[in-house]
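Novice: dropping a prediction and its sequence here:
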Amino acid sequence: MNVKIIYGSDTGNTDYVIETYLLNELSIHFNEVNHVNIYNIETADWLDDVLFIIGVPTWYDGELQSDWDSYLDEFKKLDFKGKTFAMFGLGDQIGYGEYFVDGIGILAEIILKNGGEIIGFWPTDDYKFSASKALVNDHQFYGLAIDEDNEDELTYDRVKSWVALLDKICKG
């Protein structure tokens, strides 16, 4: 199976996670791995038959990263029937614990409403936050939650485990 990462990054933290950890781990488990910054996205990019991995940092009081925010109206119009998604998000569980990785939840809601399937739910254990729109239930996020501000030493192991989970799900 091939993978396409579609992401946004203002400060470079999402870029860093992709370049340093995610691309390498995905290339071990999947055939072809491409990545496109959301500000360069074209409608045709959504037509591929791939596992789409969405990368979205959350800003301030639960806001989407600026490029995702600018693209949101177009994103809401897309048909995701037959498409499979996995998601990861960056947030600050200490400074913005009431909005931790909300960006995942904002985009997940649209993907599901527009017929897409989301895989790769991630446990909430080991995180200290008060609220999140990214919750599937009390015990799982819609995707991998990364806190580069407070727990950057855990990012590699989390990415590695999450990619192995995606591989297991995709190979059924």
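Specialist: It's in.

Novice: what's around the residue lying closest to K81 once chain neighbours are set aside, how many residues?
Specialist: Taking C-beta to C-beta, 6 or more residues apart in numbering as the measure, K81 lies nearest to G115, with 3.6 Å between them; neighbours along the chain are not counted. The way it works is simple: take the backbone N, C-alpha and C, and place the C-beta from them, glycine included. Neighbours of G115 under the rule other C-beta atoms under 10 Å: 12.

Novice: burial measure for L23, as a count.
Specialist: Burial of L23, expressed as a neighbour count using other C-beta under 10 Å, amounts to 15.

Novice: doesn't it belong to a strand?
Specialist: No: using DSSP: H, G, I helix; E, B strand; the rest coil, the secondary structure at L23 is helix, not a strand.

Novice: need the contact list for it.
Specialist: Shown here is L23, whose contacts under the criterion C-beta atoms under 8 Å, 6 or more residues apart in numbering are 5, 33, 35.

Novice: among those residues, which one lies nearest to S130?
Specialist: Distances from these to S130 were compared by C-beta to C-beta; the smallest belongs to I5, at 29.2 Å.

Novice: how about the helices in the protein?
Specialist: For the chain, the helices defined by DSSP state H occupy 13-17, 23-29, 66-76, 102-113, 155-171.

Novice: tell me how many other residues crowd A134.
Specialist: Residues contacting A134 under the criterion other C-beta under 10 Å number 31.

Novice: residues in contact with it?
Specialist: A134 touches 89, 100-105, 108, 141-143, 145, counting by C-beta under 8 Å, 6+ apart.
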